[in-house]
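In: give the three-dimensional model of this entry:
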Amino acid sequence: MADRPQPSADELAAFLDCCRFGDVEQDDLGDIQRFAAHYGDEWLAKAKDDRGNTALHMAGGNGHTDIVRWLLPRLPESALVAQNDALSTPLHWIALNYHLPILELLCPLIPVSAFEIENQHGKTAVQEAEEACEAFIVGEADQETEKGKERVRREKCVAYVLGCMGLGVKKPTGGDESKAEEAEGEVKAEKGEDDETVKRLTEQAEKIKLEQEAKAKQA
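Out: Sure thing, here's the model as predicted:
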(Lines give C-alpha, C1' and ligand atoms only; values in the text may rest on other atoms or scores of the structure.)
Protein backbone atom coordinates (compact mmCIF):
# COMPACT_ATOMS: atom_id res chain seq x y z
CA MET A 1 0.00 0.00 0.00
CA ALA A 2 1.42 3.35 -1.02
CA ASP A 3 2.11 5.93 1.64
CA ARG A 4 -0.56 8.56 2.01
CA PRO A 5 0.32 12.12 0.99
CA GLN A 6 0.91 14.68 3.71
CA PRO A 7 -1.32 17.76 3.94
CA SER A 8 0.21 21.14 3.22
CA ALA A 9 0.18 23.96 5.75
CA ASP A 10 -2.72 25.56 3.89
CA GLU A 11 -4.70 22.32 3.91
CA LEU A 12 -4.12 21.88 7.64
CA ALA A 13 -5.25 25.45 8.26
CA ALA A 14 -8.37 24.89 6.14
CA PHE A 15 -9.15 21.69 8.05
CA LEU A 16 -8.84 23.44 11.41
CA ASP A 17 -11.02 26.29 10.14
CA CYS A 18 -13.73 23.75 9.32
CA CYS A 19 -13.48 22.42 12.87
CA ARG A 20 -13.60 25.94 14.25
CA PHE A 21 -16.51 27.33 12.25
CA GLY A 22 -18.55 24.18 11.70
CA ASP A 23 -20.60 25.80 8.95
CA VAL A 24 -23.46 23.48 7.99
CA GLU A 25 -24.29 25.30 4.77
CA GLN A 26 -20.66 25.15 3.66
CA ASP A 27 -20.56 21.41 4.52
CA ASP A 28 -17.59 21.81 6.86
CA LEU A 29 -18.20 18.35 8.33
CA GLY A 30 -18.08 16.89 4.83
CA ASP A 31 -14.80 18.68 4.19
CA ILE A 32 -13.42 17.27 7.44
CA GLN A 33 -14.46 13.77 6.43
CA ARG A 34 -12.89 14.13 3.00
CA PHE A 35 -9.68 15.46 4.58
CA ALA A 36 -9.48 12.37 6.81
CA ALA A 37 -10.28 10.00 3.96
CA HIS A 38 -7.46 11.47 1.86
CA TYR A 39 -4.75 12.01 4.48
CA GLY A 40 -5.68 9.52 7.21
CA ASP A 41 -7.29 9.76 10.64
CA GLU A 42 -3.94 10.42 12.31
CA TRP A 43 -4.08 14.01 11.04
CA LEU A 44 -7.29 14.57 12.98
CA ALA A 45 -5.08 14.54 16.07
CA LYS A 46 -1.79 15.81 14.61
CA ALA A 47 -3.16 19.00 13.07
CA LYS A 48 -2.54 22.04 15.28
CA ASP A 49 -2.64 25.79 14.79
CA ASP A 50 0.15 28.18 15.78
CA ARG A 51 -1.05 28.11 19.39
CA GLY A 52 -1.15 24.35 19.65
CA ASN A 53 -4.92 24.06 19.39
CA THR A 54 -6.22 20.80 17.96
CA ALA A 55 -9.33 19.89 15.99
CA LEU A 56 -11.03 18.90 19.26
CA HIS A 57 -10.16 22.24 20.87
CA MET A 58 -11.70 24.04 17.89
CA ALA A 59 -14.83 21.98 17.37
CA GLY A 60 -15.51 21.41 21.06
CA GLY A 61 -14.84 24.95 22.21
CA ASN A 62 -17.15 26.33 19.54
CA GLY A 63 -19.98 23.94 20.29
CA HIS A 64 -20.04 21.89 17.09
CA THR A 65 -21.62 18.75 18.48
CA ASP A 66 -21.90 16.84 15.20
CA ILE A 67 -18.23 17.38 14.39
CA VAL A 68 -17.13 16.34 17.88
CA ARG A 69 -19.35 13.25 17.70
CA TRP A 70 -17.68 12.28 14.43
CA LEU A 71 -14.15 13.06 15.66
CA LEU A 72 -14.16 11.29 19.02
CA PRO A 73 -14.11 7.64 17.89
CA ARG A 74 -11.32 8.47 15.43
CA LEU A 75 -9.02 10.19 17.91
CA PRO A 76 -6.43 8.43 20.08
CA GLU A 77 -6.88 8.76 23.84
CA SER A 78 -3.94 11.16 24.02
CA ALA A 79 -5.78 13.64 21.77
CA LEU A 80 -8.70 13.81 24.19
CA VAL A 81 -6.47 15.39 26.84
CA ALA A 82 -3.95 17.17 24.59
CA GLN A 83 -2.79 20.53 25.95
CA ASN A 84 -2.26 23.60 23.79
CA ASP A 85 0.49 26.17 24.29
CA ALA A 86 -1.47 27.66 27.20
CA LEU A 87 -1.69 24.13 28.69
CA SER A 88 -5.47 24.07 28.23
CA THR A 89 -7.07 20.77 27.23
CA PRO A 90 -10.17 20.50 25.03
CA LEU A 91 -12.08 20.01 28.28
CA HIS A 92 -10.98 23.47 29.45
CA TRP A 93 -12.41 25.07 26.32
CA ILE A 94 -15.61 23.03 26.26
CA ALA A 95 -16.35 23.56 29.96
CA LEU A 96 -15.55 27.28 29.86
CA ASN A 97 -17.94 27.71 26.94
CA TYR A 98 -20.59 25.61 28.71
CA HIS A 99 -21.37 23.14 25.93
CA LEU A 100 -23.22 20.46 27.90
CA PRO A 101 -24.01 18.11 24.97
CA ILE A 102 -20.30 17.99 24.11
CA LEU A 103 -19.30 17.50 27.74
CA GLU A 104 -21.66 14.53 27.79
CA LEU A 105 -19.84 13.08 24.77
CA LEU A 106 -16.30 13.73 26.01
CA CYS A 107 -16.34 13.21 29.77
CA PRO A 108 -17.19 9.48 29.74
CA LEU A 109 -14.16 8.88 27.51
CA ILE A 110 -11.47 10.57 29.61
CA PRO A 111 -9.79 9.34 32.80
CA VAL A 112 -10.48 10.98 36.15
CA SER A 113 -6.93 12.35 36.08
CA ALA A 114 -7.88 14.49 33.06
CA PHE A 115 -10.19 16.58 35.23
CA GLU A 116 -7.19 17.59 37.36
CA ILE A 117 -5.02 18.89 34.50
CA GLU A 118 -4.14 22.54 35.07
CA ASN A 119 -3.57 25.22 32.45
CA GLN A 120 -0.85 27.88 32.59
CA HIS A 121 -2.89 29.76 35.20
CA GLY A 122 -2.94 26.75 37.49
CA LYS A 123 -6.66 26.18 36.86
CA THR A 124 -8.47 22.96 36.08
CA ALA A 125 -11.32 22.98 33.57
CA VAL A 126 -13.99 22.99 36.26
CA GLN A 127 -12.25 25.77 38.20
CA GLU A 128 -12.17 27.98 35.11
CA ALA A 129 -15.81 27.25 34.32
CA GLU A 130 -17.02 27.70 37.88
CA GLU A 131 -15.20 30.99 38.42
CA ALA A 132 -16.60 32.42 35.18
CA CYS A 133 -20.05 31.17 36.14
CA GLU A 134 -19.90 32.81 39.56
CA ALA A 135 -18.78 36.06 37.94
CA PHE A 136 -21.90 36.01 35.74
CA ILE A 137 -24.14 37.66 38.32
CA VAL A 138 -27.90 37.54 37.83
CA GLY A 139 -30.17 39.70 39.96
CA GLU A 140 -33.42 38.48 41.48
CA ALA A 141 -35.46 40.35 38.88
CA ASP A 142 -33.58 38.64 36.04
CA GLN A 143 -34.12 35.04 37.11
CA GLU A 144 -36.71 34.34 34.37
CA THR A 145 -34.97 36.35 31.64
CA GLU A 146 -32.51 35.14 29.01
CA LYS A 147 -29.72 36.22 31.33
CA GLY A 148 -31.14 34.07 34.08
CA LYS A 149 -31.44 31.11 31.72
CA GLU A 150 -27.82 31.58 30.69
CA ARG A 151 -26.74 31.42 34.32
CA VAL A 152 -28.70 28.18 34.75
CA ARG A 153 -27.10 26.75 31.59
CA ARG A 154 -23.66 27.50 32.98
CA GLU A 155 -24.45 26.03 36.37
CA LYS A 156 -25.69 22.80 34.76
CA CYS A 157 -22.40 22.40 32.93
CA VAL A 158 -20.34 23.00 36.06
CA ALA A 159 -22.53 20.58 37.99
CA TYR A 160 -22.16 17.93 35.30
CA VAL A 161 -18.36 18.10 35.36
CA LEU A 162 -18.31 18.02 39.16
CA GLY A 163 -20.60 15.01 39.01
CA CYS A 164 -18.24 13.22 36.63
CA MET A 165 -15.35 13.90 38.97
CA GLY A 166 -17.28 12.65 41.97
CA LEU A 167 -18.59 9.53 40.26
CA GLY A 168 -15.19 8.51 38.90
CA VAL A 169 -16.07 8.00 35.24
CA LYS A 170 -12.88 6.05 34.64
CA LYS A 171 -9.82 5.17 36.68
CA PRO A 172 -6.94 7.59 36.20
CA THR A 173 -4.05 6.70 33.94
CA GLY A 174 -0.79 5.63 35.52
CA GLY A 175 -2.40 3.34 38.08
CA ASP A 176 -3.08 6.04 40.65
CA GLU A 177 -6.35 4.61 41.93
CA SER A 178 -6.24 6.27 45.34
CA LYS A 179 -7.02 9.72 43.93
CA ALA A 180 -10.00 8.32 42.05
CA GLU A 181 -11.34 6.69 45.20
CA GLU A 182 -10.97 9.93 47.14
CA ALA A 183 -12.93 11.76 44.44
CA GLU A 184 -15.83 9.30 44.43
CA GLY A 185 -19.05 9.88 46.31
CA GLU A 186 -19.00 13.60 46.92
CA VAL A 187 -18.50 16.92 45.19
CA LYS A 188 -15.58 18.64 46.86
CA ALA A 189 -15.29 22.37 47.38
CA GLU A 190 -12.44 24.30 45.83
CA LYS A 191 -10.65 26.87 47.95
CA GLY A 192 -12.68 30.00 48.48
CA GLU A 193 -16.06 28.43 47.71
CA ASP A 194 -18.85 29.12 50.16
CA ASP A 195 -21.15 26.41 51.50
CA GLU A 196 -24.16 27.72 49.61
CA THR A 197 -22.39 27.45 46.25
CA VAL A 198 -21.20 23.92 46.97
CA LYS A 199 -24.66 22.87 48.13
CA ARG A 200 -26.32 24.24 45.00
CA LEU A 201 -23.83 22.63 42.64
CA THR A 202 -24.03 19.33 44.49
CA GLU A 203 -27.81 19.31 44.24
CA GLN A 204 -27.59 20.05 40.52
CA ALA A 205 -25.07 17.27 40.01
CA GLU A 206 -27.37 14.82 41.79
CA LYS A 207 -30.35 15.99 39.71
CA ILE A 208 -28.43 15.54 36.47
CA LYS A 209 -27.32 12.08 37.60
CA LEU A 210 -30.93 11.07 38.25
CA GLU A 211 -31.99 12.43 34.85
CA GLN A 212 -29.26 10.42 33.15
CA GLU A 213 -30.30 7.25 34.99
CA ALA A 214 -33.90 7.82 33.94
CA LYS A 215 -32.87 8.27 30.30
CA ALA A 216 -30.79 5.08 30.48
CA LYS A 217 -33.81 3.11 31.74
CA GLN A 218 -35.97 4.46 28.93
CA ALA A 219 -33.38 3.57 26.28
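In: could you use CA atoms for every contact and neighbour count after this?
Out: Will do.
In: where's stretch 35-45 relative to the chain centroid, distance-wise?
Out: In terms of C-alpha atoms, centre = their mean, to the nearest Å, the centre of stretch 35-45 is set 22 Å apart from its chain centre.
In: okay, how far is it across that stretch, tip to tip?
Out: 12 Å (C-alpha to C-alpha, to the nearest Å).
In: which secondary structure elements does whichever strand or helix holds A59 sit against?
Out: Assigned by DSSP states H and E, A59 belongs to helix 55-61. Judged by 3 or more C-alpha pairs under 8 Å, 6 or more residues apart in numbering; DSSP states H and E, the packing partners of helix 55-61 are helix 9-21, helix 65-71, helix 90-96.
In: what is the least confident helix or strand in this protein?
Out: Least confident element among the helices and strands of the chain, by mean pLDDT, DSSP states H and E: helix 177-183 (a mean of 33).
In: now do stretch 45-57: everything it contacts.
Out: 12-13, 16, 19-20, 44, 68, 71, 75-76, 79-80, 82-86, 89-91, 93-94 (C-alpha atoms under 8 Å, 6 or more residues apart in numbering).
In: if we use 7 Å, what do you get?
Out: Outside of stretch 45-57, the residues within contact range by C-alpha atoms under 7 Å, 6 or more residues apart in numbering are 12, 16, 19, 44, 68, 75, 79, 84-85, 90, 93.
In: do stretch 128-139 as well
Out: Against stretch 128-139 from outside (C-alpha under 7 Å, 6+ apart): 95-96, 147-148, 151, 154-155, 158.
In: can you tell me the centre-most residue of this structure?
Out: Closest residue to the average C-alpha location of the chain: L91 at 3.3 Å, with C-alpha atoms, centre = their mean.
In: surely it meets V126?
Out: No - using C-alpha atoms under 7 Å, L91 is not in contact with V126; the gap is 8.7 Å.
In: got a list of contacts for stretch 16-28?
Out: Where contact means C-alpha under 7 Å, 6+ apart, the residues beyond stretch 16-28 that reach it are 29, 32, 55, 58-59, 62, 64.
In: what residues sit buried inside it?
Out: Residues 16-22, 28 are the ones in stretch 16-28 that count as buried (16 or more other C-alpha atoms under 10 Å).
In: that older thread, out of the contacts of stretch 16-28, which is nearest to Q120?
Out: Among the contacts of stretch 16-28, M58 lies closest to Q120 (C-alpha to C-alpha), at 18.7 Å.
In: ok, C19 to M58 distance?
Out: On the measure of C-alpha to C-alpha, C19 and M58 end up 6 Å apart.
In: nope, V24 is what I was after
Out: Between V24 and M58 the distance is 15 Å, computed by C-alpha to C-alpha.
In: which residues touch G60?
Out: 68, 90, 94, 102.
In: I appreciate the help and will end here.
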